[in-house]
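Peer 1: Okay, here's the prediction I keep looking at, along with the sequence it came from:
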Amino acid sequence: MPELPEVESLRRLLIESARGRTIVCARISEARLRRSVSRDLPDTIAGRTILEIGRRAKYLLLGLSGKMTLLVHLGMSGSLTHRGRDFRDSDFHPAHDHLRFELDDGTALVYNDPRRFGLMKLVASAELAQTAELRELGPEPLENDFNADYLFENTRGRKAAIKNLLMDQKLVAGIGNIYACEILYAAKVRPGRAGARITRAEAERIAAFTKRILSRAIGSGGTTFRSYRDSRGQPGRFLSSLQVYGRDGEKCYACGSAIKLKVLGQRSSFYCPTCQR
DNA sequence: CTTATGGCCTGTCAGC
DNA sequence: TGCTGACAGGCCATAA
(Lines give C-alpha, C1' and ligand atoms only; values in the text may rest on other atoms or scores of the structure.)
Protein backbone atom coordinates (compact mmCIF):
# COMPACT_ATOMS: atom_id res chain seq x y z
CA MET A 1 0.00 0.00 0.00
CA PRO A 2 1.89 2.96 1.17
CA GLU A 3 4.64 4.64 -0.75
CA LEU A 4 6.43 7.84 0.13
CA PRO A 5 3.44 10.21 -0.25
CA GLU A 6 1.24 8.09 1.99
CA VAL A 7 3.87 7.80 4.71
CA GLU A 8 4.65 11.50 4.48
CA SER A 9 0.96 12.36 4.78
CA LEU A 10 0.75 10.12 7.81
CA ARG A 11 3.80 11.82 9.32
CA ARG A 12 2.25 15.26 8.94
CA LEU A 13 -0.99 14.21 10.55
CA LEU A 14 0.75 12.52 13.46
CA ILE A 15 2.87 15.61 14.09
CA GLU A 16 -0.38 17.49 14.68
CA SER A 17 -2.12 14.84 16.77
CA ALA A 18 0.50 12.75 18.54
CA ARG A 19 3.67 14.76 18.98
CA GLY A 20 4.35 15.50 22.63
CA ARG A 21 2.19 12.65 23.86
CA THR A 22 3.61 10.09 26.23
CA ILE A 23 3.12 6.36 25.71
CA VAL A 24 1.53 5.12 28.92
CA CYS A 25 1.61 1.46 27.97
CA ALA A 26 2.00 -0.72 24.91
CA ARG A 27 0.54 -4.09 24.06
CA ILE A 28 1.36 -6.60 21.34
CA SER A 29 -1.38 -9.01 20.33
CA GLU A 30 0.44 -10.39 17.28
CA ALA A 31 4.21 -10.07 17.07
CA ARG A 32 4.67 -11.93 13.79
CA LEU A 33 5.05 -9.23 11.18
CA ARG A 34 7.64 -9.40 8.37
CA ARG A 35 10.07 -9.97 11.25
CA SER A 36 8.81 -10.69 14.72
CA VAL A 37 8.41 -7.62 16.89
CA SER A 38 10.71 -7.77 19.90
CA ARG A 39 8.89 -9.09 22.95
CA ASP A 40 10.37 -6.42 25.17
CA LEU A 41 9.30 -3.53 22.97
CA PRO A 42 6.30 -2.70 25.20
CA ASP A 43 8.41 -2.46 28.35
CA THR A 44 11.07 -0.46 26.56
CA ILE A 45 8.77 2.21 25.13
CA ALA A 46 6.37 2.57 28.06
CA GLY A 47 6.82 5.97 29.68
CA ARG A 48 8.57 7.53 26.71
CA THR A 49 7.34 10.68 25.03
CA ILE A 50 6.96 11.06 21.26
CA LEU A 51 9.24 14.02 20.59
CA GLU A 52 9.69 13.95 16.83
CA ILE A 53 8.04 12.27 13.89
CA GLY A 54 10.22 11.81 10.84
CA ARG A 55 10.33 9.77 7.68
CA ARG A 56 13.00 8.07 5.58
CA ALA A 57 11.85 6.42 2.35
CA LYS A 58 8.71 4.48 3.33
CA TYR A 59 9.73 4.25 6.99
CA LEU A 60 8.02 6.36 9.62
CA LEU A 61 10.41 7.31 12.42
CA LEU A 62 8.98 8.05 15.85
CA GLY A 63 11.66 9.82 17.90
CA LEU A 64 11.12 8.98 21.56
CA SER A 65 12.51 10.46 24.74
CA GLY A 66 15.55 8.62 26.03
CA LYS A 67 17.14 8.70 22.56
CA MET A 68 15.26 5.78 21.07
CA THR A 69 13.54 5.73 17.66
CA LEU A 70 10.66 3.50 16.70
CA LEU A 71 10.92 2.43 13.06
CA VAL A 72 7.56 1.68 11.46
CA HIS A 73 7.04 0.25 7.98
CA LEU A 74 3.51 -0.36 6.79
CA GLY A 75 4.32 -3.07 4.24
CA MET A 76 1.46 -3.61 1.81
CA SER A 77 -1.54 -3.41 4.09
CA GLY A 78 -0.46 -1.75 7.33
CA SER A 79 -1.94 1.33 8.97
CA LEU A 80 -1.05 3.37 12.01
CA THR A 81 -4.13 5.08 13.29
CA HIS A 82 -4.51 7.56 16.11
CA ARG A 83 -7.76 6.67 17.78
CA GLY A 84 -9.72 8.95 20.01
CA ARG A 85 -13.31 8.87 21.17
CA ASP A 86 -14.71 9.82 17.76
CA PHE A 87 -12.54 7.49 15.66
CA ARG A 88 -14.56 5.38 13.24
CA ASP A 89 -12.86 1.99 13.08
CA SER A 90 -15.23 0.27 10.68
CA ASP A 91 -12.47 -0.10 8.05
CA PHE A 92 -10.19 -1.91 10.48
CA HIS A 93 -10.73 -5.49 11.49
CA PRO A 94 -9.94 -5.82 15.22
CA ALA A 95 -8.30 -9.19 14.52
CA HIS A 96 -5.56 -7.29 12.69
CA ASP A 97 -4.88 -4.72 15.40
CA HIS A 98 -1.44 -6.13 16.23
CA LEU A 99 0.05 -3.41 18.43
CA ARG A 100 -1.63 -0.82 20.56
CA PHE A 101 0.04 2.11 22.33
CA GLU A 102 -2.06 3.89 24.94
CA LEU A 103 -1.22 7.60 25.18
CA ASP A 104 -1.43 9.94 28.15
CA ASP A 105 -4.49 11.79 26.83
CA GLY A 106 -6.64 8.67 26.61
CA THR A 107 -6.11 8.19 22.88
CA ALA A 108 -4.26 5.25 21.34
CA LEU A 109 -1.95 4.57 18.42
CA VAL A 110 -2.94 1.31 16.78
CA TYR A 111 -0.94 -0.68 14.24
CA ASN A 112 -3.26 -2.76 12.06
CA ASP A 113 -1.95 -4.97 9.26
CA PRO A 114 -3.95 -7.82 7.67
CA ARG A 115 -1.09 -9.20 5.60
CA ARG A 116 1.56 -8.63 8.27
CA PHE A 117 4.23 -7.52 5.82
CA GLY A 118 5.06 -4.51 7.97
CA LEU A 119 7.84 -3.88 10.44
CA MET A 120 8.07 -2.34 13.89
CA LYS A 121 11.50 -2.01 15.45
CA LEU A 122 13.10 0.06 18.18
CA VAL A 123 16.64 1.36 17.66
CA ALA A 124 18.96 3.73 19.48
CA SER A 125 18.61 7.12 17.78
CA ALA A 126 22.38 7.48 17.54
CA GLU A 127 22.53 4.33 15.42
CA LEU A 128 19.54 5.14 13.25
CA ALA A 129 21.49 5.86 10.06
CA GLN A 130 23.45 2.65 10.45
CA THR A 131 20.51 0.38 11.13
CA ALA A 132 20.10 -2.39 8.54
CA GLU A 133 16.79 -1.12 7.16
CA LEU A 134 18.03 2.41 6.45
CA ARG A 135 21.72 1.98 5.79
CA GLU A 136 21.60 1.21 2.08
CA LEU A 137 18.72 3.40 1.01
CA GLY A 138 19.29 5.72 -1.93
CA PRO A 139 18.58 9.47 -1.88
CA GLU A 140 15.19 10.91 -0.98
CA PRO A 141 13.51 11.73 -4.30
CA LEU A 142 12.41 15.19 -3.12
CA GLU A 143 15.89 16.20 -1.97
CA ASN A 144 18.43 17.90 -4.22
CA ASP A 145 20.81 14.95 -4.33
CA PHE A 146 18.23 13.14 -6.43
CA ASN A 147 18.33 14.89 -9.80
CA ALA A 148 18.78 14.26 -13.53
CA ASP A 149 22.55 13.90 -13.28
CA TYR A 150 22.29 11.36 -10.49
CA LEU A 151 19.61 9.38 -12.30
CA PHE A 152 21.43 9.43 -15.63
CA GLU A 153 24.76 8.40 -14.15
CA ASN A 154 23.30 5.65 -12.00
CA THR A 155 21.30 4.03 -14.77
CA ARG A 156 24.36 3.61 -17.03
CA GLY A 157 25.14 -0.07 -17.47
CA ARG A 158 21.85 -1.16 -15.92
CA LYS A 159 19.90 -3.71 -17.95
CA ALA A 160 16.88 -3.79 -15.67
CA ALA A 161 13.69 -2.00 -16.72
CA ILE A 162 13.62 1.68 -15.72
CA LYS A 163 10.37 1.04 -13.85
CA ASN A 164 12.08 -1.57 -11.67
CA LEU A 165 15.02 0.75 -11.15
CA LEU A 166 12.70 3.53 -9.91
CA MET A 167 11.33 1.04 -7.38
CA ASP A 168 14.84 -0.05 -6.34
CA GLN A 169 15.16 1.52 -2.89
CA LYS A 170 18.95 1.58 -3.19
CA LEU A 171 18.78 3.78 -6.27
CA VAL A 172 16.09 6.16 -5.00
CA ALA A 173 14.07 5.63 -1.84
CA GLY A 174 10.31 5.73 -1.44
CA ILE A 175 8.86 5.06 -4.89
CA GLY A 176 6.60 2.03 -5.33
CA ASN A 177 4.47 0.56 -8.08
CA ILE A 178 1.80 3.25 -8.40
CA TYR A 179 4.10 6.25 -8.55
CA ALA A 180 6.68 4.51 -10.75
CA CYS A 181 3.94 3.99 -13.36
CA GLU A 182 2.68 7.56 -13.03
CA ILE A 183 6.15 9.12 -13.23
CA LEU A 184 7.04 7.22 -16.41
CA TYR A 185 3.76 8.14 -18.03
CA ALA A 186 4.36 11.82 -17.34
CA ALA A 187 7.94 11.49 -18.61
CA LYS A 188 6.72 9.66 -21.76
CA VAL A 189 9.03 6.69 -21.19
CA ARG A 190 7.90 3.06 -21.42
CA PRO A 191 8.30 1.17 -18.15
CA GLY A 192 10.09 -1.77 -19.79
CA ARG A 193 12.91 0.27 -21.27
CA ALA A 194 16.34 -0.76 -20.01
CA GLY A 195 17.88 1.74 -17.60
CA ALA A 196 20.98 2.04 -19.77
CA ARG A 197 18.85 3.17 -22.70
CA ILE A 198 17.40 6.18 -20.91
CA THR A 199 18.63 9.37 -22.60
CA ARG A 200 19.83 12.49 -20.83
CA ALA A 201 16.63 14.32 -21.81
CA GLU A 202 14.51 11.49 -20.47
CA ALA A 203 16.46 11.43 -17.21
CA GLU A 204 15.67 15.15 -16.90
CA ARG A 205 11.98 14.50 -17.34
CA ILE A 206 11.89 11.47 -15.05
CA ALA A 207 13.66 13.35 -12.25
CA ALA A 208 11.44 16.42 -12.65
CA PHE A 209 8.18 14.47 -12.75
CA THR A 210 9.25 12.32 -9.82
CA LYS A 211 9.39 15.46 -7.71
CA ARG A 212 6.25 16.99 -9.13
CA ILE A 213 4.07 13.89 -8.84
CA LEU A 214 5.22 12.90 -5.36
CA SER A 215 4.75 16.50 -4.15
CA ARG A 216 1.26 16.70 -5.57
CA ALA A 217 0.36 13.32 -4.12
CA ILE A 218 1.50 14.48 -0.70
CA GLY A 219 -0.67 17.56 -1.17
CA SER A 220 -3.64 15.25 -1.74
CA GLY A 221 -2.93 13.09 1.27
CA GLY A 222 -1.63 10.22 -0.87
CA THR A 223 -3.39 7.60 -2.97
CA THR A 224 -5.97 5.13 -1.74
CA PHE A 225 -6.28 2.52 -4.45
CA ARG A 226 -7.73 -0.10 -2.18
CA SER A 227 -7.13 -0.06 1.51
CA TYR A 228 -4.74 2.73 2.50
CA ARG A 229 -6.02 4.86 5.36
CA ASP A 230 -4.27 7.71 7.14
CA SER A 231 -3.96 8.12 10.91
CA ARG A 232 -7.56 9.38 11.11
CA GLY A 233 -8.82 6.38 9.15
CA GLN A 234 -9.40 8.54 6.07
CA PRO A 235 -8.46 7.59 2.49
CA GLY A 236 -6.03 9.65 0.41
CA ARG A 237 -7.45 11.82 -2.37
CA PHE A 238 -4.91 11.34 -5.19
CA LEU A 239 -6.71 8.42 -6.89
CA SER A 240 -8.55 10.71 -9.31
CA SER A 241 -5.23 12.21 -10.39
CA LEU A 242 -3.81 8.87 -11.52
CA GLN A 243 -3.29 8.78 -15.28
CA VAL A 244 -2.43 5.13 -15.88
CA TYR A 245 -2.22 3.02 -12.71
CA GLY A 246 -5.11 0.55 -12.60
CA ARG A 247 -6.54 1.88 -15.89
CA ASP A 248 -5.68 -0.94 -18.32
CA GLY A 249 -8.19 -1.09 -21.17
CA GLU A 250 -9.35 2.47 -20.48
CA LYS A 251 -8.54 5.46 -22.69
CA CYS A 252 -5.43 7.54 -22.24
CA TYR A 253 -6.58 11.00 -21.14
CA ALA A 254 -4.08 12.59 -23.57
CA CYS A 255 -4.45 10.59 -26.79
CA GLY A 256 -7.34 8.16 -26.36
CA SER A 257 -5.29 4.99 -26.85
CA ALA A 258 -6.11 2.02 -24.63
CA ILE A 259 -3.85 1.87 -21.58
CA LYS A 260 -1.84 -1.36 -21.53
CA LEU A 261 -0.85 -3.64 -18.68
CA LYS A 262 2.45 -5.51 -18.76
CA VAL A 263 4.03 -7.52 -15.97
CA LEU A 264 7.62 -6.53 -15.20
CA GLY A 265 9.47 -8.23 -12.40
CA GLN A 266 6.26 -9.75 -10.99
CA ARG A 267 4.58 -6.35 -10.74
CA SER A 268 1.90 -4.89 -12.98
CA SER A 269 2.98 -1.93 -15.07
CA PHE A 270 0.51 0.35 -16.77
CA TYR A 271 1.41 2.57 -19.71
CA CYS A 272 0.09 4.29 -22.80
CA PRO A 273 1.57 2.61 -25.91
CA THR A 274 1.22 5.84 -27.89
CA CYS A 275 2.42 8.50 -25.44
CA GLN A 276 5.26 6.45 -23.96
CA ARG A 277 8.25 5.36 -26.05
C1' DC B 1 28.22 -6.62 -8.78
C1' DT B 2 23.35 -7.17 -11.09
C1' DT B 3 19.11 -9.53 -12.12
C1' DA B 4 15.36 -12.88 -11.56
C1' DT B 5 12.48 -15.65 -8.69
C1' DG B 6 9.91 -17.36 -4.84
C1' DG B 7 8.14 -16.52 -0.40
C1' DC B 8 5.97 -14.09 3.28
C1' DC B 9 0.36 -13.26 4.71
C1' DT B 10 -4.73 -12.27 4.21
C1' DG B 11 -8.48 -10.34 1.63
C1' DT B 12 -10.97 -9.61 -2.58
C1' DC B 13 -12.62 -10.36 -6.99
C1' DA B 14 -13.35 -12.64 -11.55
C1' DG B 15 -14.62 -16.69 -13.63
C1' DC B 16 -16.43 -21.13 -13.56
C1' DT C 1 -24.07 -20.00 -4.24
C1' DG C 2 -19.52 -21.75 -3.48
C1' DC C 3 -15.10 -22.86 -5.03
C1' DT C 4 -10.45 -21.84 -7.17
C1' DG C 5 -6.89 -19.12 -8.75
C1' DA C 6 -4.93 -14.76 -9.57
C1' DC C 7 -3.68 -10.68 -7.76
C1' DA C 8 -2.70 -6.71 -4.41
C1' DG C 9 0.51 -0.24 -2.88
C1' DG C 10 6.73 -4.11 -0.21
C1' DC C 11 10.72 -6.29 0.89
C1' DC C 12 14.06 -10.09 1.70
C1' DA C 13 16.70 -14.35 0.85
C1' DT C 14 18.54 -17.05 -2.51
C1' DA C 15 20.44 -18.44 -6.81
C1' DA C 16 22.46 -17.76 -11.23
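Peer 2: Structure received. Residues are numbered from 1 along each chain as shown, chains lettered A, B, ... in the order given.
Peer 1: Please, where are all the strands along the stretch 1-150 of chain A?
Peer 2: A:23-28, A:50-56, A:59-64, A:68-73, A:79-83, A:97-103, A:108-112, A:119-124 (DSSP state E, counting those that start in this stretch).
Peer 1: closest point of the stretch 51-200 of chain A to DNA strand B, which residue?
Peer 2: Per Cβ to the nearest atom of the strand, the residue of the stretch 51-200 of chain A with the smallest distance to DNA strand B is A:Arg115, at 3.2 Å. C-beta here means a position set from N, CA and C on the backbone, and glycine is covered the same way.
Peer 1: how about that residue, what does it touch?
Peer 2: A:Gly75, A:Met76, A:Ser77 (Cβ atoms under 8 Å, 6 or more residues apart in numbering).
Peer 1: before we move on, back to that, for the strands of the stretch 1-150 of chain A, which one sits closest to DNA strand C?
Peer 2: Per Cβ to the nearest atom of the strand, nearest to DNA strand C of these: strand A:68-73, 6.1 Å.
Peer 1: Now do the closest one against strand A:79-83, angle only.
Peer 2: 120 degrees (axes from the mean of the first three to the mean of the last three Cα atoms, to 10 degrees).
Peer 1: Now mean pLDDT and mean neighbour count too, for the strands of the stretch 1-150 of chain A, in CSV please.
Peer 2: Converted to CSV, the strands of the stretch 1-150 of chain A look like this (pLDDT from 0 to 100; neighbours: other Cβ atoms under 10 Å):
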stretch, mean pLDDT, mean neighbour count
strand A:23-28, 97, 17
strand A:50-56, 97, 17
strand A:59-64, 98, 21
strand A:68-73, 97, 20
strand A:79-83, 97, 23
strand A:97-103, 98, 21
strand A:108-112, 97, 23
strand A:119-124, 96, 18
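Peer 1: Can you add distance to A:Asp230 and give those back as CSV?
Peer 2: Shown next, in CSV, are the strands of the stretch 1-150 of chain A (distance: least, Cβ to Cβ, whole Å):
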stretch, distance to A:Asp230
strand A:23-28, 20
strand A:50-56, 13
strand A:59-64, 12
strand A:68-73, 14
strand A:79-83, 8
strand A:97-103, 16
strand A:108-112, 13
strand A:119-124, 18
